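Undergrad: Pasting a predicted model and its sequence here:
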Number of protein chains: 2
Amino acid sequence: MSPKGRPRAFDRDAALERAMLVFWQKGYDTASMADLTEAMQINSPSLYAAFGSKAGLFKAAVELYSNQVGQRIKSALPTAATAREGIAEFLMQTAITHTDPNQPHGCMVVLGALHGDGGADTPCGLLRERRLDNVAMLRERLERGVREGEISQSVDLQLVAEFYVTVQHGMSITARDGSTLDQLAKTAKAAMAAWDGLTANAL
Amino acid sequence: MSPKGRPRAFDRDAALERAMLVFWQKGYDTASMADLTEAMQINSPSLYAAFGSKAGLFKAAVELYSNQVGQRIKSALPTAATAREGIAEFLMQTAITHTDPNQPHGCMVVLGALHGDGGADTPCGLLRERRLDNVAMLRERLERGVREGEISQSVDLQLVAEFYVTVQHGMSITARDGSTLDQLAKTAKAAMAAWDGLTANAL
DNA sequence: GGCTTTCTGTATCAATCATTACAAAAAGGA
DNA sequence: TCCTTTTTGTAATGATTGATACAGAAAGCC
């Protein structure tokens, strides 16, 4: 049961993945429509028919990134036995992903669109919400740690979550600057050296 | 002894400072010549006569930023009695600066030009070198700490320097996302909770 | 007062930006 | 086979990009 009109001549998913790589490497503003259509191997009318606009394509690319790359980074959070192990693995997967030689270094959600008014439906605002979601996600894992007796009730969980997400953000910049997997993995371990101090009742 | 021709009708330093604020807030790529000339209150020929090009203006703006904002952040490193206090103050000044309500949030050196080929004379490469300089600066302060007996000789100083610079990088993103001074200051303190673990001989 | 030098404002340059008309092409349904 | 529907490639849209040509204005020097 194929649709009515002329069938699409390109693979939408494959084209979206190539577009994601362009946005990942160049960022939303710096990536031009010419860059995108060349990488996707289609003409601009096909792009607009399939994705609506450059911003719409970016939104789809961010969702693909989250489901693909992002999923790998945060997958350990729910499965790890403790919040501590979960966050340690969260940072370690970040180090691995951000220095993978087969893809752009650093995180697309962090580096993809930093400038702009941050409006709700803008690329900048879109990524900002994703980053804030990550803080909430870490915080929820920490709350589970409290419920399970791993962490004391008096610990400032929001602070701990913000600290580790801030470290993760910084790893994107450091990765772009040429840091190796070994260096970034050490940074991840270094951040975990703060765990005992952060989860002690008094800071 | 004034120069020969028609005197310049605008204050070069004041115009450069306004340009710096535009680059700081919008980034090199997103800041247009129209944005710059409007903020500097001059016409483009005057801008090109005084700064050569958009990239030349950016370079001058980055130097101004380093001498003004950057100096305040790193001023405590040499004056503090210990490396630990110096880095703690380094992060605390970062938190204060990055959330100052009178200026753009986050660091211009981190957020100003992330995309591009990173060539030596490009805006992107220029900022990358500044960031790497910061790592070296922290490392040198740590080396002094070793010489003065504060830190054991077996500590991986490069790792410690990279970790704290990475935290500082992340604070720029978190500040752009709306984090308050209080939150960022707590993150700075959280990073210092890792100090004892990092400067213990075995990690 | 001329001459040279430098700056200022207007107006414009070619190039690139994201986006879209338009007509031919390729499919299903009648 | 004709009609409808959707996609395709070509070509072009107006707007904006960074950067200048040009003529007049304002200074020092002779």
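TA: Here it is on my side, so go on.

Undergrad: Residues of chain A that sit close to DNA strand D?
TA: A:3-10, A:42-46, A:49-50 (CB under 7 Å from any atom of the strand). Any C-beta I mention is one placed from the backbone N, CA and C, and that applies to glycine too.

Undergrad: what's the helix or strand for A:A50?
TA: A:A50 is part of helix A:44-51 when elements are defined by DSSP states H and E.

Undergrad: got the contact list for that helix?
TA: When contacts are defined by CB atoms under 8 Å, 6 or more residues apart in numbering or on different chains, helix A:44-51 is touched by residues A:R8, A:A9, A:F10, A:R12, A:A15, A:L16, A:M33, A:L36, A:T37, A:M40, A:L57, A:A60.

Undergrad: Now the residue nearest to A:G106 when sequence neighbours are not counted: which helix or strand?
TA: Distance criterion CB to CB, 6 or more residues apart in numbering or on different chains; nearest residue to A:G106, sequence neighbours excluded, is A:S172 at 3.8 Å. Taking DSSP H and E as the criterion, the element that holds A:S172 is helix A:157-176.

Undergrad: Pull the contacting residues for A:D121.
TA: Contacts for A:D121 (CB under 8 Å, 6+ apart) come out as A:A55.

Undergrad: same question, A:G70
TA: When contacts are counted by CB under 8 Å, 6+ apart, A:G70 touches A:V109.

Undergrad: ok, now how distant is A:M92 from chain B?
TA: Computed as CB to the nearest CB, to the nearest Å, the A:M92 to chain B distance reads 14 Å.

Undergrad: burial count for that residue?
TA: 18 (other CB atoms under 10 Å in any protein chain shown).

Undergrad: Same question for A:S2.
TA: A count of neighbours around A:S2, defined by other CB under 10 Å, yields 5.

Undergrad: cool, the one 5 residues further on as well?
TA: Residues lying near A:P7 (other CB under 10 Å) number 7.

Undergrad: In three-state terms, label it for me.
TA: Assigned with DSSP: H, G, I helix; E, B strand; the rest coil, A:P7 falls in the coil class.

Undergrad: How about A:A113?
TA: A:A113 - assigned by three-state DSSP - is coil.

Undergrad: got a list of contacts for the very next helix or strand once past the helix holding A:S172?
TA: Scanning forward in sequence from helix A:157-176, with DSSP H and E defining helices and strands, the next element found is helix A:181-192. Outside helix A:181-192, the residues within contact range by CB under 8 Å, 6+ apart are A:84, A:87-88, A:91-92, A:94-96, A:98-99, A:163-164, A:167, A:171, A:174-175, A:179, B:156, B:159-160, B:162-163, B:166-167, B:194, B:197-198, B:203.

Undergrad: what do you get if the cut-off is 6 Å, keeping everything else the same?
TA: For helix A:181-192, the external contacting residues (CB atoms under 6 Å, 6 or more residues apart in numbering or on different chains) are A:88, A:91-92, A:95, A:99, A:167, A:171, B:159, B:162-163, B:166, B:194, B:198.

Undergrad: measure the residue nearest to the spatial centre of chain A to chain B for me?
TA: The C-alpha lying nearest the average C-alpha coordinate of chain A belongs to A:V109 (CA atoms, centre = their mean; 4.4 Å). Using CB to the nearest CB, one gets 10 Å for the distance from A:V109 to chain B.

Undergrad: ok, then the element right after the strand or helix carrying that residue?
TA: The secondary structure element spanning A:V109 is helix A:108-111 (assigned by DSSP H and E). The element immediately downstream of helix A:108-111 (helix or strand, assigned by DSSP H and E) is helix A:123-147.

Undergrad: near chain B at all, that following helix?
TA: Yes: Helix A:123-147 comes into contact with chain B (CB under 6 Å from any CB of the partner chain), by way of A:R128, A:R131.
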